[in-house]
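Visitor: what would the 3D arrangement of this be:
(one chain, ligands or ions: 1)
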Amino acid sequence: MSIRLSPRRNRATAVVSAAVLLGCLLAGTALSTQATAAPAPDVSIAATTFADEFNGPAATAVDGSKWNMEVGDNVNNHERQYYTNRTSNAALDGQGNLVITARRENPGNYNCWYGRCEYTSARLNTVGKFSQAYGRFETWLKMSHGQGMWPAFWMMGTTGGTWPDNGEIDIMENVGFEPNTLHGTIHGPGYSGADGIGAAYNGPRFADGFHTFTLDWSPNLLVWYVDGQEYQRRTPADLGGRTWVFNNRPFFLLLNLAVGGYWPGDPNAGTPMPNTLVVDYVRVTDAPGGGGGQITGLAGKCVDVAGANSANGTAVQIYDCNGTAAQRWTRNGNQLQALGKCLDAAGGGTANGTLVQLWDCNGSGAQQWAVSAANDIVNIAANKCLDVTGNNSANGTRLQLWECTGSANQKWNAAV
Ligand SMILES: [Ca+2]
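Guide: Numbers count the residues shown, from 1 in each chain. Here you go, the predicted model:
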């Protein structure tokens with residue numbers, strides 16, 4: 001990717017104290033409304049420093065307090081699109097997603113480097129609104145597809161001069177002629193453009209569903225993941241003496257859907273138009289690995305969203321721990337979240353045997369959980385424990401609510 005940006009300015013990153021979140025944890029199995037705060041369990045919690053869940057009415061623009069819309073063409077990569085700030089190219093869908101739409105059109109008589117522009121699309125950045133050094137940077141999205149499409153979730157340095165001296169980290173790039181392949185790359189002085197240093201990850205056809213793309217950034221270390229699976233790590237030792245420009249420098253975020261260019265090649269008659277990149281969230285925390293942790297229980301197995309399916313009503317079960325996003329839980333107040341949704345007692349039930357599922361976070365009592373110092377996970381509204389049905393440790397056994405009994409099928413280690 002290359003650059004066409006307005007002047008930048010930095011702003012200090014707001015950091016929420018983890019102690020505030022830890023203060024939400026409650027003590028004891030016999031909870032009451034008078035439950036007192038316990039000493040903080042030995043767990044780590046990363047604070048969210050930037051998040052856009054893209055909730056809002058359909059056809060409305062993205063939150064201008066978080067994102068800038070870039071306008072113009074891009075000659076450096078020989079991209080074919082003209083980026084606009086119109087909601088027809090980037091808007092919320094009313095179902096919790098940002099949809100970036102590339103279109104074969106030119107309603108504004110836009111002029112591109114090659115003449116009259118053939119396509120429109122959108123590119124968002126957080127210049128002047130959010131930047132950060134280190135932490136976990138993650139998006140959950142459904143890819144565009146087809147020859148010539150080039151979506152990316154990436155970052156650039158706010159200081160250090162002009163590109164590539166300021167540094168670029170590509171968390172996720174895909175070119176349409178490789179529907180099953182993702183790329184993660186770093187660029188800096190002496191290793192930019194086609195000489196960037198990176199790796200590819202081969203997986204499913206990424207346009208067929210939502211997938212998480214994650215970067216963990218620490219001093220002298222960058223680690224890339226797809227759906228929780230690490231596929232690349234980079235350190236200064238990989239640069240052959242060239243300069244590591246990824247320490248002590250805040251980077252801002254970019255999200256875009258390019259059409260055509262040197263790398264993807266241009267669209268052809270078979271390229272679907274309009275073409276969409278559907279983004280469920282962008283989240284940043286202040287610590288690597290802050291995108292979630294495992295909750296382990298009976299027989300050492302993990303609390304797991306069945307099939308990694310984020311649909312409302314999907315079963316929550318125990319399963320062999322595998323490090324995927326379906327087993328990475330984060331705490332938001334008293335909510336426990338995975339795949340962007342909440343651990344939920346079905347139907348708001350409070351009776352023994354109420355099944356536990358995944359559901360849109362709605363703040364209801366069915367989604368309020370306390371992790372006790374005794375390693376119980378207690379549904380506060382029901383005052384009942386998260387329980388492995390039938391004390392059965394087989395993969396796929398559902399979780400339910402049950403009276404807290406202190407038995408092994410109600411004991412959990414929550415690294416969240
Ligand atoms: Ca969302």
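Visitor: mind listing what the residue nearest to Thr243 when sequence neighbours are not counted touches?
Guide: Once its chain neighbours are removed from consideration, Thr243 has its nearest residue in Pro189; the separation is 5.4 Å (Cβ to Cβ, 6 or more residues apart in numbering). Quick note: C-beta positions are derived from backbone N, CA and C, even for glycine. If you count contacts by Cβ atoms under 8 Å, 6 or more residues apart in numbering, Pro189 has them with Pro164, Asp165, Arg242, Thr243, Val245.
Visitor: show me the contacts for the last one.
Guide: Contact criterion Cβ under 8 Å, 6+ apart gives Gly157, Gly160, Asp165, Asn166, Gly167, Gly188, Pro189 as the residues in contact with Val245.
Visitor: likewise for the fourth one?
Guide: Residues near Thr243 by Cβ under 8 Å, 6+ apart: Gly188, Pro189, Gly190.
Visitor: looking at those, which is nearest the ion?
Guide: Each of the contacts of Thr243 was scored against the ion by Cβ to the ion, and Gly188 proved nearest at 32.4 Å.
Visitor: can you tell me the SS state at the nearest residue to that closest one once chain neighbours are set aside?
Guide: With Cβ to Cβ, 6+ apart as the criterion, Gly188 has its nearest non-adjacent residue at 4.4 Å, and that residue is Val245. For Val245, the reduced secondary structure class is coil; criterion used: DSSP: H, G, I helix; E, B strand; the rest coil.
Visitor: could you do Ala366 as well?
Guide: In the three-state summary, Ala366 is assigned as helix, counting by three-state DSSP.
Visitor: quick one on the thing from earlier: phi, psi for the residue nearest to Gly188 please.
Guide: Here is the backbone geometry of Val245 (degrees, to the nearest 10): phi -110, psi 30.
Visitor: now it: how far from Ile171?
Guide: When Cβ to Cβ, to the nearest Å is the yardstick, Val245 and Ile171 sit 16 Å from each other.
Visitor: just checking: what are the partner strands of the longest strand seen in the chain?
Guide: With residue count as the measure and DSSP state E as the assignment, the chain has strand 275-285 as its longest strand. Strand 275-285 has its sheet partners listed here by DSSP bridges as strand 48-52 (antiparallel), strand 98-102 (antiparallel), strand 135-142 (antiparallel).
Visitor: so how far is that strand off the chain centroid?
Guide: 7 Å (Cα atoms, centre = their mean, to the nearest Å).
Visitor: list the buried ones in that strand?
Guide: For strand 275-285, the neighbour count (16 or more other Cβ atoms under 10 Å) marks Asn275, Thr276, Leu277, Val278, Val279, Asp280, Tyr281, Val282, Arg283, Val284, Thr285 as buried.
Visitor: and the two most separated of the residues you listed?
Guide: Spatial extent of these (Cβ to Cβ) is set by the pair Asn275 and Thr285 at 30.9 Å.
Visitor: count of neighbours near Asn392?
Guide: Each residue near Asn392 was counted by other Cβ atoms under 10 Å, and the total is 14.
Visitor: same question, Asn55
Guide: Asn55 is flanked by 14 other residues according to other Cβ under 10 Å.
Visitor: swap in Asn352?
Guide: By the other Cβ under 10 Å criterion, the neighbourhood of Asn352 contains 12 residues.
Visitor: doesn't it lie inside a helix?
Guide: No. When the secondary structure is assigned by three-state DSSP, Asn352 falls in coil instead of a helix.
Visitor: would you confirm that it contacts Lys384?
Guide: Yes. Here Asn352 lies in contact with Lys384, judged by Cβ atoms under 8 Å, at a distance of 6.9 Å.
Visitor: between these two, which contacts overlap?
Guide: With contacts defined as Cβ under 8 Å, 6+ apart, the residues shared by Asn352 and Lys384 are Leu401, Trp402, Glu403.
Visitor: ok, of those residues, which come out buried?
Guide: For the shared contacts of Asn352 and Lys384, burial is judged from neighbour counts taken by 16+ other Cβ under 10 Å, and it is met by Leu401, Trp402.
Visitor: and the shared contacts of Asn352 and Lys384 as a markdown table, adding secondary structure?
Guide: Below are the shared contacts of Asn352 and Lys384 laid out as a markdown table (three-state DSSP):
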| residue | secondary structure |
| --- | --- |
| Leu401 | strand |
| Trp402 | strand |
| Glu403 | coil |
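Visitor: out of the shared contacts of Asn352 and Lys384, flag the one nearest to the ion.
Guide: Distance from the ion was checked for each of the shared contacts of Asn352 and Lys384 by Cβ to the ion. The minimum falls on Leu401, at 26.8 Å.
Visitor: which residues touch that closest one?
Guide: Leu401 makes contact with 345, 349-354, 356, 379, 382, 384-387 under the criterion Cβ under 8 Å, 6+ apart.
Visitor: what's the spacing between the closest residue to the ion within the stretch 201-350 of the chain and Gly161?
Guide: Ranking the residues of the stretch 201-350 of the chain by distance to the ion (Cβ to the ion) places Asp280 first, at 4.1 Å. Counting by Cβ to Cβ, the gap between Asp280 and Gly161 amounts to 35 Å.
Visitor: where do the helices sit along the stretch 201-350 of the chain?
Guide: Per DSSP state H, counting those that start in this stretch, the stretch 201-350 of the chain has no helices. Nothing in it meets that criterion.
Visitor: I'd assumed Lys66 was in contact with Val284.
Guide: No. Counting by Cβ under 8 Å, no contact exists between Val284 and Lys66, whose distance comes to 11.0 Å.
Visitor: list residues touching both of these two?
Guide: The contact sets of Val284 and Lys66 overlap at Phe50, Phe130 (Cβ under 8 Å, 6+ apart).
Visitor: quickly list what the residue nearest to Asn68 when sequence neighbours are not counted is bridged to.
Guide: The spatial neighbour of Asn68 that comes closest, neighbours along the chain excluded (Cβ to Cβ, 6+ apart), is Asn125 at 5.3 Å. Beta-bridge partners of Asn125, counted by DSSP bridges, are Asn68, Leu254.
Visitor: ditto for Gln357
Guide: On the basis of DSSP bridges, Gln357 takes part in beta bridges with Ala315, Asp344.
Visitor: look up how far Asn409 lies from it.
Guide: Distance of Gln357 to Asn409, given as Cβ to Cβ: 18 Å.
Visitor: what's next to stretch 340-353, contact-wise?
Guide: The contact list for stretch 340-353 (Cβ under 8 Å, 6+ apart) reads 53, 96, 140, 280-281, 303, 310, 312-313, 316, 329, 335-337, 354-362, 364-367, 369, 379, 381-384, 400-403.
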